[in-house]
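Chemist: Sequence plus the predicted model coming up.
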Amino acid sequence: MSSKPVGVWTVDSEAGQIRQLMGRIVIMTDGAGFQPVTETINEWLLENGAGDGLLTLFLRHTSASLVIQENTDPDVQADLLDALHRLAPEDINYRHHLEGLDDMPAHVKAMLTGVSVQVPVVAGQLDLGTWQAIYLVEHRTRGHQRSITMHYIGA
């Protein structure tokens with residue numbers, strides 16, 4: 001059984017010259033939890049005249065993550081944090097503990113969830129779904145300064 005597309009559209013890549021932008025967001029987290037970054041990224045795209053293209057985001061840390069997740073019900077974020085804590089609890093006797101009991105579990109959580117995402121950009125804005133947003137997820141108990149490098153390529 002073949003599926004038929006509901007709608008198809010195309011961006012004309014010949015409509016403008018390809019260009020690239022790079023930038024960085026620096027964020028101070030409050031400790032373990034989801035920090036929304038979608039609005040800041042969309043503002044950066046708008047301020048720099050982005051059109052249609054692709055944005056790559058890279059978090060420059062090993063104990064935090066970047067994720068695209070539910071943006072409406074905060075229970076989703078709480079449940080995800082609970083699930084990550086069950087997958088990588090602090091009360092295991094890890095070998096690496098020089099930076100505290102929360103550090104090694106944070107590395108495990110970052111490995112499971114990732115430190116980069118790519119998102120299409122359409123008409124200068126992230127082409128996310130209705131219920132999606134981009135979050136920096138802090139896995140450490142106390143707050144840290146985190147930075148995200150942004151690389152846009154497009155028209």
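Modeler: Looks like it arrived, so ask away.
Chemist: Next, the residue nearest in space to the middle of the chain: secondary structure please.
Modeler: Nearest residue to the geometric centre of the chain (CA atoms, centre = their mean): Leu66, 3.1 Å. Three-state assignment for Leu66 (DSSP: H, G, I helix; E, B strand; the rest coil): strand.
Chemist: Contacts only, for the closest residue in space to it that isn't next to it in sequence.
Modeler: Nearest non-adjacent residue to Leu66, counting by CB to CB, 6 or more residues apart in numbering: Leu59, 4.7 Å away. Yep, even glycine has a C-beta here, placed from its N, CA and C like the rest. Shown in contact with Leu59 (CB atoms under 8 Å, 6 or more residues apart in numbering): Ser65, Leu66, Val115, Ser116, Leu136, Arg146, Ser147, Ile148.
Chemist: so the second one touches Leu136, yeah?
Modeler: Pointing back at Leu66 there. Yes: using CB atoms under 8 Å, Leu66 makes contact with Leu136 at a distance of 6.1 Å.
Chemist: shared neighbours, these two?
Modeler: Both Leu66 and Leu136 are contacted by Leu59, Ile148, under the criterion CB under 8 Å, 6+ apart.
Chemist: can you give me the strands for the protein?
Modeler: Here the chain has its strands, by DSSP state E, at 19-28, 33-36, 53-59, 64-70, 116-122, 125-126, 132-138, 145-154.
Chemist: Dump these into a markdown table; add distance to Leu84 as well.
Modeler: Shown next, in a markdown table, are those (distance: least, CB to CB, whole Å):
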| stretch | distance to Leu84 |
| --- | --- |
| strand 19-28 | 19 |
| strand 33-36 | 11 |
| strand 53-59 | 16 |
| strand 64-70 | 9 |
| strand 116-122 | 17 |
| strand 125-126 | 24 |
| strand 132-138 | 8 |
| strand 145-154 | 17 |
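Chemist: what's the pLDDT at Gly129?
Modeler: Predicted confidence (pLDDT) for Gly129: 97.
Chemist: Pull the number of nearby residues for it.
Modeler: Gly129 has 8 neighbouring residues, counting by other CB atoms under 10 Å.
Chemist: measure it to Pro120 for me?
Modeler: Per CB to CB, to the nearest Å, Gly129 is found 11 Å from Pro120.
Chemist: Next: Ala64.
Modeler: Look at Ala64 and Pro120: by CB to CB, they are 24 Å apart.
Chemist: Who has more neighbours out of those two?
Modeler: Between Ala64 and Pro120, Ala64 has the larger neighbour count (other CB under 10 Å), namely 24 against 14.
Chemist: Lovely, talk soon.
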